[in-house]
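[1] I'll drop the sequence and a predicted model, then ask my questions.
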Amino acid sequence: MSSEFTFAIKRIAFDEHYQPSGNTRITTNFANLARGADRQNNLRNTLRMINNRFNALANWDNPEANRYSVELDIVSVEMKVAAGSLEHQLPLIEILKTAVIDHRTGERIDGMVGNNFSSYVRDYDFSIVLPAHHQAQSALPVPEDFGVLHGKLFKSFVESEAYRAHFHKAPVICLSVSSTKTYHRTDNHHPVLGVEYRQDEYSLTDDYFREMGLTVRYFMPPGSVAPLAFYFSGDLLGDYTALELISTISTMDTFQKIYRPEIYNANSAAAASYQPSLRHEDYSLTRIVYDREERSRLATEQGRFAEEHFIKPYGPVLQQWAANYAR
């Protein structure tokens, strides 16, 4: 079997009518919000929060704070072996693509690709490989090759013809900061991204994303109460417009308020020296229902699914491909 991989991209609108497709990763945060009796209210309120946050940040020539709205597409990436499709086609990666609607001019402005990030192989690494490594009581904190295959798969996707056909700029992933690290406020301040934070030691997630070819900077945008982690290649401050950056901030700040209210919907802002904590009790809840416990449980189940239907049956192909892929 050939060890060459190709990628196929599918897009579905994330709006108040969104229904998770049958092959959507069920741990994906979008699918979690779009289930149950409150699904439509969840979606409607989430989109309202994103739009309000966007207009609060894009406040120039916007006196009534309603000039813009954000449209979101869920981008599912399937990987195929050159000899044919995988027996079980997996949405290998899921990211978000934003677009900005200017209601004053009628213009639809291209936004950021990336934003949220989910991956079957990442579930496998963190939910299957890492616990087994810890159970073996290895002296190393993580396996020697931890994240290498996933990183090469991601870089191959970003370098692919499929990516270039759909997107014109490199992705930016925006995630929560780590609750195991302490972040220190700097004097650097960006008009859109806000005040920059730094820490003395990278987190496991930071290292994992470094294998994907992405570096990280931490900024607390105006009106936010905790810094966000921005993973990118190239120049985060120079490669993207203000509206592109705001589309990511408004989307991911909203999602983090829902997913991690202890950190991102806290009732006081991060101090100059700041360690995030999910045990923090002084915070407010949104009106959006999100089942965090279910997501953690399903991550393990889907890690096993990836192992059974992807890692084990295609192990030799993956090893051959990874060995030949230039880092």
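    Arrived safely.
[2] Where do the helices of the stretch 201-327 of the chain begin and end?
    According to DSSP state H, counting those that start in this stretch, the stretch 201-327 of the chain carries its helices in the segments 204-211, 242-259, 261-264, 292-306, 315-324.
[3] out of these, deepest packed?
    Stretch with highest mean neighbour count among the helices of the stretch 201-327 of the chain: helix 242-259 (a mean of 24; mean count of other C-beta atoms under 10 Å). (C-beta placed from N, C-alpha, C; glycine too.)
[4] Among the helices of the stretch 201-327 of the chain, which comes closest to Val225?
    If you check each of those against Val225 by C-beta to C-beta, helix 261-264 wins as the nearest, at 6.6 Å.
[5] you'd agree Lys177 is up against Ser224?
    You called it Lys, but residue 177 is Val. No - counting by C-beta atoms under 8 Å, Val177 does not reach Ser224; the two are 11.3 Å apart.
[6] For Phe232, which non-adjacent residue is closest in space?
    The spatial neighbour of Phe232 that comes closest, neighbours along the chain excluded (C-beta to C-beta, 6 or more residues apart in numbering), is Val172 at 4.7 Å.
[7] give me the number of residues near that neighbour?
    24 (other C-beta atoms under 10 Å).
[8] Got the phi and psi for it?
    Backbone geometry at Val172, expressed as degrees, to the nearest 10, gives phi -130, psi 120.
[9] Roughly how far does it sit from Ala272?
    Using C-beta to C-beta, to the nearest Å, one gets 26 Å for the distance from Val172 to Ala272.
[10] what does Arg39 give?
    For Arg39, the distance to Ala272 - C-beta to C-beta - is 40 Å.
[11] neighbour count winner among these two?
    Between Arg39 and Ala272, Arg39 has the larger neighbour count (other C-beta under 10 Å), namely 17 against 10.
[12] where in the chain is pLDDT low?
    1-4, 21-37, 82-90, 291-296, 327 (pLDDT under 70).
[13] got the residue ranges for the strands in it?
    With DSSP state E as the criterion, the chain has strands at 5-13, 68-81, 91-102, 107-119, 172-176, 183-190, 194-199, 215-220, 228-232, 273-274.
[14] Just want the angle from the fifth one to strand 107-119.
    Interaxial angle, strand 172-176 versus strand 107-119 (axes from the mean of the first three to the mean of the last three C-alpha atoms, to 10 degrees): 60 degrees.
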